[in-house]
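Peer 1: build the 3D model from these lines:
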Amino acid sequence: MDELRLRATLARDVLNALTANIAVLDTRGVIVAVNDAWIRFAGANGATDERSFVGADYLAVCENALRAGDDASLAEVVPRLRAILAGDDTALSIEYRCDSPTERRWFNLRATPLRGEGLAGAVIAHEDITARRQAEQTLRETERTLRSVLEALPVGVWIMDASGMIVHGNPAGLEVWAGARYVGPEQFGEYKAWWLSSGEPIAAEEWAAARAIRNGETSLGEEIEIECFDGTHKLLLNSAIPLFDDRHAIEGAIIVNQDITARKRAERELAEALGREQILARVDAVTGTINRRHFLDLAGQELAVARRYHDALTLILFDIDEFKNVNDTLGHHAGDDLLKRVTAAASRHVRDADVFARYGGDEFVILLPHTHAGEASLVADRIREDVSAERVTISVGIAELLPRDDTLDALIHRADVALYESKRAGRNRTTLFSQGVASGNSTQRPLS
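Peer 2: As a prediction, the model looks like this:
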């Protein structure tokens with residue numbers, strides 16, 4: 001008897017040590033024993049007596065719960081339990097919901113047959129899995145939120161597993177690549193792309209995604225050009241961020257593709273437009289020579305160099321004789337055409353070091369570094385001769401830099417005075433500025 005009591009005490013202590021809610025059923029399904037956890041469980045479920053359902057028909061309790069509508073999954077419990085008690089089934093495991101008056105709860109019900117010498121029936125275990133189910137629910141909600149965010153993002157996002165296989169791509173990613181190709185790192189060579197900075201093709205192992213999986217490397221905003229699966233080309237900002245587990249082992253990566261094709265095109269068009277604007281700011285639209293403003297900038301630099309090194313510097317100023325009559329009789333289109341032809345004729349005699357510009361209207365200027373007035377007059381005469389082939393003449397004034405000249409204005413003024421003297425003396429002439437020109441007693445050289 002002492003041994004039997006010892007065994008009974010041991011069995012009770014073992015049951016009470018278990019965290020699961022344990023009840024023992026006889027062959028009829030009546031509860032014959034419970035552990036302390038069951039007593040607490042029963043109390044939370046409305047039991048009011050100390051026996052905590054001991055002596056109650058467990059099958060009837062389950063049927064009442066089913067009728068109460070707590071959880072439809074309990075419908076299979078009673079027939080399965082009857083089969084276990086009859087020896088026709090070996091085990092039952094089912095998760096169900098059973099709320100208390102104050103909280104939502106989930107349990108895992110397990111039933112196994114009780115077999116042994118002088119024993120028959122079943123052991124019922126109810127394990128509280130509320131924390132696990134709540135965590136799973138939170139995880140599902142987080143995943144749904146994350147998926148919703150991914151679906152709404154305007155950039156392509158790809159998720160890669162630890163082996164380097166792409167397991168998910170959002171709609172924007174599919175749109176970027178015009179489809180998807182779910183391959184591993186060893187097949188990254190199937191993707192065609194080039195580094196935007198060098199134009200060199202991207203090797204399979206050079207992809208940001210491959211480096212993230214292989215080395216745990218983070219790559220942000222790499223500019224590349226890709227060939228999409230429909231054959232079109234796009235420019236991307238390509239990024240890859242490795243994902244690590246608790247042991248800091250690589251368990252995947254996130255790849256982000258931002259289509260910058262339109263932005264790059266806009267940047268290129270803006271740069272080209274700015275380039276054109278800069279050119280227009282320096283170049284005369286009709287003749288293609290530099291304009292007056294740019295001429296003054298360059299001439300100012302040449303003047304400073306000539307003064308510093310005491311070097312020769314001469315300026316030729318000329319305009320087209322009777323140009324106003326051309327515009328008035330033949331129109332501005334004919335006038336513009338004449339300006340172009342005169343420019344072409346003069347350009348044949350301009351050196352790379354010279355500064356040639358349309359100074360305004362039908363007036364042109366040539367600044368000749370390292371050149372004295374006598375040498376410049378020979379250039380001017382050759383220009384007058386070539387221009388005459390266009391059935392038009394020009395009048396020329398020439399002035400050389402003097403030691404007292406502090407500004408370009410003085411040089412231009414003397415050339416202008418000489419040009420006026422060529423006009424006064426009958427046009428189609430070259431006049432070198434001298435004191436005689438300034439006083440009205442000059443010598444000009446007409447074209448012979």
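Peer 1: so what touches the strand or helix carrying residue 225?
Peer 2: Element membership for residue 225, per DSSP states H and E: strand 219-227. The contact list for strand 219-227, computed with CB atoms under 8 Å, 6 or more residues apart in numbering, reads 177, 191-197, 202, 208, 211-212, 233-240, 260. Placement of C-beta: from N, CA and C, glycine included.
Peer 1: okay, and which of these map to strands?
Peer 2: Among the contacts of strand 219-227, DSSP state E puts 192-195, 233-240 in strands.
Peer 1: which of the contacts of strand 219-227 are buried?
Peer 2: Listed as buried from those are 177, 191, 193-194, 196, 202, 208, 211-212, 234-240, 260; burial here means 16 or more other CB atoms under 10 Å.
Peer 1: you'd agree residue 327 is in a helix?
Peer 2: Yes: assessed with DSSP: H, G, I helix; E, B strand; the rest coil, residue 327 lies in a helix.
Peer 1: which non-adjacent residue is nearest it?
Peer 2: residue 335 (4.1 Å; CB to CB, 6 or more residues apart in numbering).
Peer 1: A strand includes the one you found, no?
Peer 2: No: according to three-state DSSP, the state of residue 335 is helix, so it is not within a strand.
Peer 1: in three-state terms, label the residue nearest to residue 109 when sequence neighbours are not counted for me.
Peer 2: Closest residue in space to residue 109, ignoring its immediate chain neighbours: residue 94 at 5.2 Å, by CB to CB, 6+ apart. Classification of residue 94 using three-state DSSP returns strand.
Peer 1: which stretches in the stretch 51-200 of the chain count as strands?
Peer 2: Secondary structure of the stretch 51-200 of the chain (DSSP state E, counting those that start in this stretch): strands at 92-97, 106-116, 119-128, 156-161, 166-169, 192-195.
Peer 1: winner for burial among those?
Peer 2: Highest mean neighbour count among those (mean count of other CB atoms under 10 Å): strand 156-161, with a mean of 21.
Peer 1: and that one, what does it pack onto?
Peer 2: Strand 156-161 sits against strand 166-169, helix 171-177, helix 208-215, strand 250-259, with contacts defined as 3 or more CB pairs under 8 Å, 6 or more residues apart in numbering; DSSP states H and E.
Peer 1: which one of those lies closest to residue 377?
Peer 2: Closest of these to residue 377 is strand 250-259, at 63.8 Å (criterion: CB to CB).
Peer 1: C-terminal to that closest one, what's the next element?
Peer 2: Using DSSP H and E, the next helix or strand after strand 250-259 towards the C-terminus is helix 261-282.
Peer 1: between strand 219-227 and that next one, find me the angle.
Peer 2: If you take axes from the mean of the first three to the mean of the last three CA atoms, to 10 degrees, helix 261-282 sits at 90 degrees to strand 219-227.
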